[in-house]
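1. sequence and predicted model, in that order:
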Amino acid sequence: MTQVCLVGSEDVNLRYELLSRETARNALATYDLREPFENTVAVETVSLGAAVALLNDLNWYLVRFADAAFVRDPSISEAEWLSRDLARAIRDDEIAPEDTGRFLKVYGVVDAADGETDGESDALDRPPKLVEPMLLTRTGETIPEYDLRDVDETLVVRVTESEFGA
């Protein structure tokens, strides 16, 4: 199964914004919505093409309420995600999947309570949070270390060369 993860803008509740609008709600109606990270909405689709089609259907809402959209297709990588633009380029045969691992956007992953001052109120019930993406270039088998803050985990997103240079 191919996964899609939408990352909400900091000042909005992405799930609310998507489900409060009829067209977006209808586009998502057949999916089991999850929240793997704070202020994200994730679904599983049957293919890379279906994932890109869903993102196209939601485009109006993504432009207004999301900071990013990721796609993870196990036939390309089990662990790394693709940016929306890169997923579309692969689907359209503009880029071969094996040529996609060089340009990366790496997010830190922290506990939801990190950086909060109100204690541990509901942090145990909340998913982890994505923080400060860092652009990196893979030159060999490994990637440079994420060093924007102390994190135990990272989320790697492959991006197009134009996204990397933007």
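-> On my side now, so go ahead.
2. next, N26: phi, psi?
-> According to degrees, to the nearest 10, the main-chain angles of N26 amount to phi -70, psi -40.
3. tally of neighbours for it?
-> The local packing of N26 (other C-beta atoms under 10 Å) involves 10 other residues. No exception for glycine: its C-beta is placed from N, CA and C like everyone else's.
4. what's the separation between it and A66?
-> Using C-beta to C-beta, to the nearest Å, we find N26 at a distance of 18 Å from A66.
5. next one: E94
-> Counting by C-beta to C-beta, the separation of E94 from A66 is 23 Å.
6. check A42 too.
-> Using C-beta to C-beta, one gets 12 Å for the distance from A42 to A66.
7. the more surrounded of the two?
-> Residue environment comparison for A42 versus A66 gives the larger neighbour count to A66, 23 against 19, counting by other C-beta under 10 Å.
8. show me the beta-bridge partners of that one.
-> On the basis of DSSP bridges, A66 takes part in beta bridges with G8.
9. pretty sure it is touching R15, no?
-> No. Under the criterion of C-beta atoms under 8 Å, A66 is not in contact with R15, lying 11.2 Å apart.
10. what touches both of A42 and A66?
-> Common contact partners of A42 and A66 (C-beta atoms under 8 Å, 6 or more residues apart in numbering): L6.
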